[in-house]
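A.B. asks: After the sequence you'll find the predicted model.
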Amino acid sequence: MTNEREATIIEQVHTGVCIGGEWRAASTGRSFAVVDPATEQKLTDVADAGSEDALAALEVADSTQASWAAVPPRERGEILRRAFELLNARADEIAMLITLEMGKPLAEARGEVTYGAEFFRWFAEEAVRSHGEYRVAPDGASRFLTMKQPVGPSLLITPWNFPLAMGTRKIGAALAAGCTCILKPAQQTPLTSLLLADVLTEAGLPSGVLSVLPTSDAGAISEPLMSDRRMRKVSFTGSTGVGRILLRQAADNIMRSSMELGGNAPFLVFADADLDAAVDGAMVAKMRNGGESCVAANRFFVQAEVAEEFTRRLAERMAGMSVGPGTQEGVTVGPLIDEKQQDKVVELVDDAIGRGASVVTGGGKAEGAGYFYNPTVLRGVTTDARMQREEVFGPVAPVYEFTTEEEALAAANDTEYGLVGYVYTSDLKRGFRVSEGLETGMVGLNRGLVSNPAAPFGGVKASGLGREGGFEGIEEYQITKYVGLDV
Ligand code: ADP
């Protein structure tokens, strides 16, 4: 049950389909329920968009593309800047909405609003700093001008784990570059994206530039769009499996693609590390968002000399966390997103235990309503355990021991994924060596948090293609055109 304040926040959200800023009923005539993962109760119903809505959104995106691209960069930036301010002004209310539909504790949801809004500030600044070059041909006979132009209408598909920030990270870059866009949020968490559409309208975004399509049938939206030549770009954050499907579809249409996919992050602790800092970093890398993050530390490799001590301290901290509904004061671990995710965590932990791992703390789901799982530390997880290869996406920390740096690096890289790796050491040379040796797009060196709107976020190997945020983020939505000229 929601209380009065929570009910008011939900009632304020438009629950229709947003086509270029206009609100409509879904063409399917259907709706679907959004559920609070802490109570398993319905929060509200939302319009269930289908392929007709998708094509209507594309029609609007395509016909608005030229006029949006012609809006001066400063004006585009100012819209983003106003949206940044509006998000911060409404931070408490938006944080509550995130907590209600996604489950994370309110303090973390508040953090997500700050982080998510920051993408708009960053890209407001990037919008006016994006330019081409004047080059001299090597033989001196001609000159090259390069210019950056928007790639065109962009399809943005986001996951449920950061309902605000995954949207702003894509929308901010797309709008700054001058692209119109269609956002398809995750089925579990459409409310924050619908509210975001309203915030952008209030910030002055012209009609036609952004559509938001909530749906229970992702394929009904993505398939017609991915095969339409007017759709020029797809940016996806989610599982590697769905990323592969989208890349296959993008191949047929030769569509620009950015893919932020799964991770299996190693967290390396060397015996020379500052152990207090390593445990603090481990808690952030593991437990931010309850472990439901693609950058969550999934495998802890600890040098034998400090393995006992590190595990003891980590387990103490994990056991001291307070599991409960994110709306409750003092709660530090909310529920998992749904029953499917809860079942997966149960399966992976049971599989590891069945193969010989021992439980240091936790090891089971919490009883009662809500998709809760207790913070867990495991030791002696065998190399054939599924959690060595699969993302847990939950509050589970398996600790493995190693002896040499070479062995640690080989184990860390022994995965199809390559999003981020964390390294704790006091040896500067080792820190750089291991950072260079990790097959990942990002490294946290004596740091458990790498996400920052001003830094290029992204992976290698099966973790994806392209970068979001940083100077690189806007380029994902731009083409470089070159003009050759005689002088
Ligand atoms: P998760 O398993 O974490 O939910 P998914 O990759 O399934 O991750 O979901 C991420 C996003 O991809 C969500 O918005 C989801 O609706 C969307 N999605 C799922 N299947 C497809 C598909 N076949 N085509 C396009 N988008 C999809």
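C.D. replies: Thanks, I have the structure now. Because the structure is a prediction, the values reported are computed rather than measured. Numbering: from 1, shown residues only.

A.B. asks: nearest spatial neighbour of the closest residue to the ligand within the stretch 101-250 of the chain, skipping sequence neighbours?
C.D. replies: Going by Cβ to the nearest ligand atom, the ligand is nearest to residue 238 of the stretch 101-250 of the chain, at 2.7 Å. Every C-beta, even on glycine, is put in place using the N, C-alpha and C of the backbone. Computed as Cβ to Cβ, 6 or more residues apart in numbering, the closest residue to residue 238 that is not its neighbour in sequence is residue 159, at 4.7 Å.

A.B. asks: Report the contact partners of residue 242.
C.D. replies: 218, 236 (Cβ atoms under 8 Å, 6 or more residues apart in numbering).

A.B. asks: So which residues on this protein come close to the ligand?
C.D. replies: Residues of the chain found near the ligand (Cβ under 6 Å from any ligand atom) are 157-159, 184, 186-187, 218-219, 222, 238-239, 242, 245-246.

A.B. asks: The same query, at a cut-off of 8 Å, please.
C.D. replies: Counting by Cβ under 8 Å from any ligand atom, the chain comes close to the ligand at 157-161, 184-188, 215, 218-219, 221-223, 226, 236-239, 241-243, 245-246, 337, 340-341, 393.

A.B. asks: Buried ones among those residues?
C.D. replies: 157-161, 184-188, 215, 218, 221-222, 226, 236-238, 242-243, 245-246, 337, 341, 393 (16 or more other Cβ atoms under 10 Å).

A.B. asks: Please parse the chain into its domains.
C.D. replies: Taking automatic domain parsing as the reference, the chain has its domains at 4-261+463-484, 265-452.

A.B. asks: The residue nearest to residue 238 reaches residue 243, doesn't it?
C.D. replies: No - applying Cβ atoms under 8 Å as the test, residue 159 and residue 243 come out as separate, 11.1 Å apart.

A.B. asks: Please compute how far stretch 450-459 lies from its chain's middle.
C.D. replies: 10 Å (Cα atoms, centre = their mean, to the nearest Å).

A.B. asks: residues contacting residue 126?
C.D. replies: Residue 126 sits in contact with 77, 173, 176, 471, 473, 474, where contact means Cβ under 8 Å, 6+ apart.

A.B. asks: wait, is the second one part of a helix?
C.D. replies: Spelled out, it's residue 173. Yes - using DSSP: H, G, I helix; E, B strand; the rest coil, the assignment for residue 173 is a helix.

A.B. asks: Just list the residues touching it, thanks.
C.D. replies: Residues in contact with residue 173 (Cβ under 8 Å, 6+ apart) are 119, 123, 126, 468, 469, 473, 474, 476, 477.

A.B. asks: quick one: it from residue 111, how far?
C.D. replies: 21 Å (Cβ to Cβ, to the nearest Å).

A.B. asks: For the spatially closest residue to residue 64 that is not a sequence neighbour, give me its contacts.
C.D. replies: What sits nearest to residue 64 in space, not counting adjacent residues and going by Cβ to Cβ, 6+ apart, is residue 208, at 3.3 Å. Residues near residue 208 by Cβ under 8 Å, 6+ apart: 20, 21, 60, 61, 63, 64, 67, 68, 180.

A.B. asks: Grab the longest helix from the chain for me.
C.D. replies: Longest helix of the chain, by residue count under DSSP state H: helix 106-127.

A.B. asks: Kindly spell out which helices and strands sit in contact with the helix or strand just after that one.
C.D. replies: Next along the chain after helix 106-127, taking DSSP states H and E as the criterion, comes strand 134-136. Applying 3 or more Cβ pairs under 8 Å, 6 or more residues apart in numbering; DSSP states H and E, one finds that strand 134-136 contacts strand 143-150.

A.B. asks: Look up how far residue 112 lies from the residue nearest to the spatial centre of the chain.
C.D. replies: Centre of the chain computed as the mean C-alpha position; nearest residue by Cα atoms, centre = their mean is residue 166, 4.7 Å away. Going from residue 166 to residue 112 by Cβ to Cβ gives 10 Å.

A.B. asks: same check, this time on residue 222
C.D. replies: 25 Å.

A.B. asks: Next: residue 186.
C.D. replies: Distance from residue 186 to residue 112, by Cβ to Cβ: 14 Å.

A.B. asks: got any ranges where the chain has weak pLDDT?
C.D. replies: 1 (pLDDT under 70).

A.B. asks: What are the buried residues along stretch 407-425?
C.D. replies: Per 16+ other Cβ under 10 Å, stretch 407-425 contains these buried residues: 408-409, 411-413, 415, 417-425.

A.B. asks: chain center to that stretch, what's the gap?
C.D. replies: 20 Å.

A.B. asks: what does stretch 392-411 give?
C.D. replies: 23 Å.

A.B. asks: how long is that stretch from one end to the other?
C.D. replies: 17 Å (Cα to Cα, to the nearest Å).

A.B. asks: Residue of the stretch 251-400 of the chain closest to the ligand, please.
C.D. replies: Closest point on the stretch 251-400 of the chain to the ligand, by Cβ to the nearest ligand atom, is residue 393, at 7.1 Å.

A.B. asks: could you pull out the strands for the stretch 351-487 of the chain?
C.D. replies: For the stretch 351-487 of the chain, strands defined by DSSP state E, counting those that start in this stretch occupy the ranges 358-361, 376-379, 396-402, 417-418, 420-424, 442-445, 460-461, 464-465, 478-485.

A.B. asks: So residue 352 is in contact with residue 387, correct?
C.D. replies: Yes - using Cβ under 8 Å, residue 352 is in contact with residue 387, at 5.4 Å.

A.B. asks: Can you check which residues contact both of those two?
C.D. replies: Joint contacts of residue 352 and residue 387 (Cβ under 8 Å, 6+ apart) are 381, 398.

A.B. asks: These two: which has the busier surroundings?
C.D. replies: Neighbour count, other Cβ atoms under 10 Å: between residue 352 and residue 387, residue 352 has more, with 26 against 23.
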